[in-house]
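Asks: Turn this into a model:
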Amino acid sequence: LNVGQIQAYQIVTWLLDQTLCGRSLPPLRMVLHGQGGTGKSKVTQTITEYFTSRGARHLLLEAAYMGVAASLIPG
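Replies: Residues are numbered from 1 along each chain as shown. Coordinates of the predicted model:
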């Protein structure tokens, strides 16, 4: 992950950790944008793996309109 992607990852994982510790925080809504090949799907996969490892996959909602990202999201 590049610097910007790491920052996005850290924001999301910090919020999840705080939530799992019992803190009541507002929901996070984050948009990852960029041209094809910039790593949006990699960031999403990395975040999903973290949620899964913490037993909190049910707390993550993903959405994508088209392209590779849409094909990687179950549902």
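Asks: now the helices for this structure?
Replies: 3-20, 40-53, 67-72 (DSSP state H).
Asks: centroid residue for the chain?
Replies: Centroid check for the chain by Cα atoms, centre = their mean gives residue 47 as the closest residue, at 4.1 Å.
Asks: The spatially closest residue to it that is not a sequence neighbour and residue 36: what is the separation?
Replies: Counting by Cβ to Cβ, 6 or more residues apart in numbering, residue 47 lies nearest to residue 12, which is 5.2 Å off, once chain neighbours are set aside. Where you see a C-beta, it was placed from the backbone N, CA and C, and this is true even at glycine. Distance from residue 12 to residue 36, counting by Cβ to Cβ, to the nearest Å: 22 Å.
Asks: before we move on, back to that, can you verify my assumption that the residue nearest to residue 47 contacts residue 25?
Replies: No. Using Cβ atoms under 8 Å, residue 12 is not in contact with residue 25; the gap is 11.9 Å.
Asks: These two: which is more packed in?
Replies: residue 12 (19 against 10; other Cβ atoms under 10 Å).
Asks: Could I get the contacting residues of that one?
Replies: Contact analysis of residue 12 by Cβ atoms under 8 Å, 6 or more residues apart in numbering lists 28, 30, 47, 50.
Asks: filter the residues you listed to the buried ones?
Replies: 47, 50 (16 or more other Cβ atoms under 10 Å).
Asks: hang on, the earlier thing: can you give me the pLDDT of the residue nearest to residue 47?
Replies: Turning to residue 12, the model gives it a pLDDT of 96.
Asks: Lovely, talk soon.
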